[in-house]
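**Q** Would you be able to build a 3D model of this:
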Amino acid sequence: MVKLRLKRCGRKQRAIYRIVAIDVRSGREGGDLGKVGFYDPRTNQTYSNVPVFLYFLERGAQPTGILHDISKKGLFKELRVN
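**A** Numbers count the residues shown, from 1 in each chain. Model (predicted):
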């Protein structure tokens, strides 16, 4: 099963997260299937590649709870416009 979840990167005490599609059995830092965007919790800034996000959702990928909450704030606004 494929999930859309956050992958930590950045330096110590200044983490940013990549939004990636990854197999459930992989660890947090495991190999991903595709990069979808990023999330910066310090500035609360989110960037996502909407066509790639929709591609993985159509193929049955499930977003994690945290990613679902983040995407409700910013990503779904973009989806309504398109």
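
**Q** In three-state terms, label the residue nearest to the spatial centre of the chain for me.
**A** Per CA atoms, centre = their mean, the C-alpha nearest to the average position across the chain is that of Ile19, at 2.5 Å. Following DSSP: H, G, I helix; E, B strand; the rest coil, the label given to Ile19 is strand.

**Q** swap in Glu29?
**A** Of the three states, Glu29 takes coil according to three-state DSSP.

**Q** nearest spatial neighbour of it, skipping sequence neighbours?
**A** In space, and not counting its chain neighbours, Glu29 is closest to Lys7: 6.8 Å by CB to CB, 6 or more residues apart in numbering. C-beta coordinates here come from the backbone N, C-alpha and C atoms, glycine included.

**Q** Do you know the pLDDT at the one you found?
**A** pLDDT recorded at Lys7 is 88.

**Q** ok, what's across the strand from it?
**A** Judged by DSSP bridges, the bridge partners of Lys7 are Arg18.

**Q** pretty sure it is touching Tyr17, no?
**A** Yes. Using CB atoms under 8 Å, Lys7 makes contact with Tyr17 at a distance of 6.4 Å.
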